[in-house]
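Trainee: need coordinates for the following:
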Amino acid sequence: SQRSKVLEAFEEAMPRFLDIILEHEFNALLGQPCPFCNSSGTKRTMQCYDCAHPLSCSECFISAHQHNRTHWAEVWNSERQYFVRHDISTLRPEGYAQHLGHNGDPCPMPENETDLFFIIVDVNGIHNTKLRFCHCPGAGDRVDQLLHHCLFPATLGHPESAFTFQLLHNFHLHHLESKATKYDYMGALRRLTDNAFTSEVLDLYPQFQVVTQVWMVLTAKKRLGQAHGIDEVLPHRPSGSLVVSCPACPDPHMNMLSGWEKTPSDFRHLNQLQLTLDGNFHLNCYVKNTDPHDTSLFHGRSYFPDDSMYADYVRKVVLKGSSDKFNCGHLEVLRKQNSSKKFKNMAVTGKVNTQCSHVFILSSVDLQISERFANVNFGLAHALRPLMDSIRKHKIFAGWSEEKIQELLRQAFDVLISYDVTCSYCVHVLERFINTTQIQDVAQIIAIARWLIPLVHVQNHNDDCMYRFASAYIKSAGHFHGETAEHFWPTGNQLGGQTCQMNAGHCHDTLIDHFGNWNFKKLINLHESDALYNDLINAKKLYDVKLEIFKGLSSQYVDYMQEWDKLDRSWSLRHGAVYSVYRHNQKKVPSQMQIYEMLLKELESESSESHLLNQSSASKSDIHFIHEGLLIRAAQLEIRTKIAFSKTENSEALKATIENAHERLRTRIDKWCSKQKCVLPQVADLVAAQVQVALRPEDECLFLPSDLSEKERQDLDIPVRLTICEHWLLEGHVYDVLRDIRTIVKTLTNLCDEKKAQDYGQVRQTRSSTRIQEVVALRDGNIKEYNSACNSLINLGCIDNDDPILRPLKKEDTYHKRTTIKRAVGDTYRHDGLMWTNRGLTAGTQRAQSTHASAADAIPSEISTLGTQGSKPKKHLYPFTYHSLSLSDGWIWTIRPCKGLKEEELRDWLEEGDRVQWFRAEAEMQRWREEWEIKQAEFLHCIHYFDRLSNAWSELASLHSGGKASYAKKTAAMYRETGNRAKNLLIDAGYGHLLELDGPALVSHFQELWSLPDNNVPELQVRSFTPCKCHVNEILL
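Mentor: Next up is the predicted model:
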């Protein structure tokens, strides 16, 4: 690999590297006169590795480092013959103190000449140095002077140690990105100071703990505008808010389009807040006996609620409440979380986070025992409270009653909440919020909320939960899968080893810092990461795919679609069970044997209903000749398939069957060839030449018109009537084969399901496997038969190689998502094969709507049904498939009918699978259409959000001066640039026209879009195979 080659090159260069690196331990200029000063007799004796200052004398070194007080001086020791590290304060015999104020020069009004020993911690180590403070009027106390020189004091009374801003910023980013602990970071600083005798270096870990905690809070206040009084320009936000909010989630004051309150209910997902709830038991805390009154410095203004308020709620509601009840058997596992052994000596057992679907953390609360609903309630209320306050403060709601606000929200706003125990949590959830004083202020939002279970978690629930709470079957839910709830935990769990030993306040501040950093990175990258931009592009692509799939299925099931479309898509309870149009009825599920026999009976009935045409006329004789030739060709393909199958299934019975088929086929070909001499004498020479080769009967060419090229047909003067006759028989045959393949694939799918669910033991497994192998062979043989017929049509010149309707069929094109089981993870990214969804392939299997009435009237009644069979009932005139074989060809044809479900029930059960398939395809199409609309709205939300924040910071800049104004301008520019990038990406994606739309205009845009014919599923007219008049006349010649 390229990496290995690079490493090999470095390995070869290691000796050279080591020689040069060790050269830095000595300097050839040592002892020479110092060229940087005018003093005579000064020698070069020291250098600086921190700024690469060249070798100089001590005074020149001090002068050059007047403003670099924490650079180490590497001083040459002539006795020891190596450089020794010194602090700059030791370079003069009497000592040297650095001056604060006056640009590094001495203060003209010193209180005394005593140097103050001071400890400064910087990124390169811990320095025992000397400082002199300024004593001029207005200079400020020690704390102020230290801060003015970018030094953060360890204490406020009479500080004697400080940490540089650079160090605090450096640690802050390392801690956020690599989760480096304060203890380890301080250990590294001590080793940077003296890597050999580290124990002798002063340990400032206790002071470092305090300072970094304060630094985190100060940084949050600075970045979120609280130092500038941002509440004055954004008064709708909670006072003192230190939350990094999501730019895509709807907020009436920040990003929602004007007129959003007029949004009709069918489009309320354009104003949709999607939330996730999830617990974590890795971020816990032990009971601490030191500083029990430690509280968060954020005081409830960030992601965690106020400590005292939440403690009071826990004492009155959580600990005194009754245990939660779970309605789903799967959720009983949560009861095991309440384990005294697992959480022994722990004050906090875990956390519950509330996040939006863009993975912005909105709130977090501590758990005291298990994941109690009361804890979740408080966390959810803390997350929703800013939104509820923003809504109440909006000018459009001025003077409105609470009932009127809720009515409008129910119409124009939407809230989806995903939780892995929703099926139990949502029971009486509104009642809990209304009856609990501490959280009843957000009950209005809870009243309009709709509840989901994440799409992966719902797989482990009872099947009923899938049809009640899976977003795939919930209107206006888009593709909100809910699994993003766990995205933060892999990052957060890395902090568990640190926070478990912290006091409550310190723990909360640490997590708040990481929550804010997580949200900030999401905010900056949201518009151009896969969280939004790629989601917008992918949603459109998948919607187009799902629409075509749904159109194809609608074409296939056109006879049923009108009745199906009248059914209610919402679930209901019937006799205590959940009923849904997306669910296959499991009460009367046929057994494997019944399904298998249903296939055989359907295929055999189709064969018995077909009949040969009356041979009273010459034209009918031609048709019978071509028809029999096609039957023989199908029999040849059948034998070749059986021979291939026999190589894997070594069965004497199968070998005997093949031998018998050989004999029958030989007789059949000989009889047909005698007719060929009269009907098609032009190929007599070709037949005679083939006889000399002595091929096996299944390998012989029949020399039908389709077996010859166009030039050969012209040279041999093959009658056109035979070519046209074979064309129409083949075309009808192609669609008959497709119908048979669908029946076989449905059967195969159900056989596999039944084998997995019901067959135990070697005998039953072997029997089931054999049946499945037989059906697989049947499917593969029909695929070959279909492709062979299409190739024959190509040879006849009836279709092109790239015909859009009769495409080549592969095994993957027959893939059929199972309707007898609940929706599986990833189903939305798996599509039914082209055989089910391609409207070209499926159209011919439906009832034809002929536009050639005069031509149809001119055809004999026996011929007029060619290729025009309806989908209900499914009947075949020319079933060129394996069901034309005799019942003695194999054991699968000799199974006796079994007792059990009636034939009508079996047929209804299979047709119910068609209905479920159609409804699930419709749901997938609708969800991706909604997702596409949601992502467009969210992109506009982001742009409006960044513009709003940029304007807010610009206004703050005008209200301040100096550093505050500069910082506000810089922040405004950052948000302005972020908004411009978002606009450019939206334009590049082809959606620039959305930028000028308000809320009602956006809705009108979508309404116009969906009214276009390409985005609708009309009552598709199926393809007709009624021959035109010229073809009829030629056939009857």
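Trainee: quick one: the helices in the stretch 601-750 of the chain, in order.
Mentor: When secondary structure is read from DSSP state H, counting those that start in this stretch, the stretch 601-750 of the chain shows helices at 618-646, 652-679, 684-691, 710-715, 720-758.
Trainee: would you mind measuring from the most centrally placed residue in the chain to Trp918?
Mentor: By C-alpha atoms, centre = their mean, the chain has its centre lying nearest to His481, at 7.6 Å. Note on His481: its distance to Trp918, by C-beta to C-beta, to the nearest Å, is 23 Å. (C-beta placed from N, C-alpha, C; glycine too.)
Trainee: also Gly350?
Mentor: Look at Gly350 and Trp918: by C-beta to C-beta, they are 44 Å apart.
Trainee: now do the buried residues in stretch 977-994.
Mentor: Using 16 or more other C-beta atoms under 10 Å as the test for burial, stretch 977-994 gives 978-979, 982-983, 985-986, 989, 991, 994.
Trainee: tell me where the model's unsure across the stretch 251-400 of the chain.
Mentor: Applying pLDDT under 70 to the stretch 251-400 of the chain flags the ranges 321-322, 329-341.
Trainee: how about the helices in it?
Mentor: Assigned by DSSP H, counting those that start in this stretch, the stretch 251-400 of the chain shows helices spanning 307-313, 373-393.
Trainee: neighbours around the residue lying closest to Gln274 once chain neighbours are set aside, how many?
Mentor: In space, and not counting its chain neighbours, Gln274 is closest to Ser357: 3.7 Å by C-beta to C-beta, 6 or more residues apart in numbering. A count of nearby residues for Ser357, using other C-beta atoms under 10 Å, gives 26.
Trainee: contact partners for Ser357?
Mentor: Listed by C-beta atoms under 8 Å, 6 or more residues apart in numbering, the contact partners of Ser357 are 274-276, 480, 482, 484.
Trainee: quick check: longest helix of the protein.
Mentor: As assigned by DSSP state H, the longest helix anywhere in the chain is helix 903-959.
Trainee: following the chain past it, name the next helix or strand.
Mentor: helix 962-988 (DSSP states H and E).
Trainee: and that following helix with helix 903-959, angle?
Mentor: Per axes from the mean of the first three to the mean of the last three C-alpha atoms, to 10 degrees, the angle that helix 962-988 makes with helix 903-959 is 150 degrees.
Trainee: any idea which helix or strand comes after helix 962-988?
Mentor: For helix 962-988, the following helix or strand on the C-terminal side (DSSP H and E) is helix 999-1010.
Trainee: for that next one, packing partners?
Mentor: Helices and strands touching helix 999-1010, by 3 or more C-beta pairs under 8 Å, 6 or more residues apart in numbering; DSSP states H and E, are helix 903-959.
Trainee: from the chain's centre, how far out does the helix it packs on sit?
Mentor: Using C-alpha atoms, centre = their mean, to the nearest Å, the mean C-alpha position of helix 903-959 is found 13 Å from that of the whole chain.
Trainee: for Leu495, find the nearest of the helices of the stretch 601-750 of the chain.
Mentor: Closest approach to Leu495 among the helices of the stretch 601-750 of the chain is made by helix 720-758 (42.4 Å; C-beta to C-beta).
Trainee: can you list contacts of stretch 450-459?
Mentor: Stretch 450-459 has contacts (C-beta under 8 Å, 6+ apart) with 276, 414-420, 422-423, 425-426, 429, 461, 465-466, 469-472, 474, 477, 480-483, 485, 822-825.
Trainee: can you flag which of the residues you listed belong to helices?
Mentor: Using DSSP H, the contacts of stretch 450-459 in helices are 422-423, 425, 429, 465-466, 469.
Trainee: so where's the stretch 701-850 of the chain uncertain?
Mentor: Flagging of the stretch 701-850 of the chain using pLDDT under 70 yields the residue ranges 732, 735, 753-764, 800, 802-805, 816-850.
Trainee: just the buried positions in stretch 251-263, please.
Mentor: Applying 16+ other C-beta under 10 Å to stretch 251-263 flags 251-257, 259-261, 263 as buried.
Trainee: repeat that for stretch 12-31.
Mentor: 27, 30.
Trainee: and that stretch, C-alpha only, in PDB?
Mentor: What follows is stretch 12-31, C-alpha atoms only, in PDB (Å, rounded to 0.1, in the frame of the first residue of the first chain):
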ATOM      1  CA  GLU A  12      15.500   3.900   5.600                       C
ATOM      2  CA  ALA A  13      16.000   7.600   6.500                       C
ATOM      3  CA  MET A  14      15.900   7.100  10.300                       C
ATOM      4  CA  PRO A  15      19.700   7.200  10.800                       C
ATOM      5  CA  ARG A  16      20.000  10.500   9.000                       C
ATOM      6  CA  PHE A  17      17.100  11.900  10.900                       C
ATOM      7  CA  LEU A  18      18.600  10.900  14.300                       C
ATOM      8  CA  ASP A  19      21.900  12.500  13.400                       C
ATOM      9  CA  ILE A  20      20.300  15.800  12.600                       C
ATOM     10  CA  ILE A  21      17.900  15.700  15.600                       C
ATOM     11  CA  LEU A  22      20.900  15.200  18.000                       C
ATOM     12  CA  GLU A  23      22.700  18.100  16.400                       C
ATOM     13  CA  HIS A  24      20.300  20.400  18.300                       C
ATOM     14  CA  GLU A  25      21.800  19.300  21.600                       C
ATOM     15  CA  PHE A  26      24.900  21.300  20.700                       C
ATOM     16  CA  ASN A  27      25.700  24.500  18.900                       C
ATOM     17  CA  ALA A  28      29.000  25.200  17.200                       C
ATOM     18  CA  LEU A  29      28.600  28.900  17.900                       C
ATOM     19  CA  LEU A  30      28.800  28.400  21.700                       C
ATOM     20  CA  GLY A  31      31.300  30.800  23.400                       C
END
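Trainee: and Ala383, how many residues sit next to it?
Mentor: Neighbour tally, Ala383, other C-beta under 10 Å: 26.
Trainee: separation between it and Lys393?
Mentor: 18 Å.
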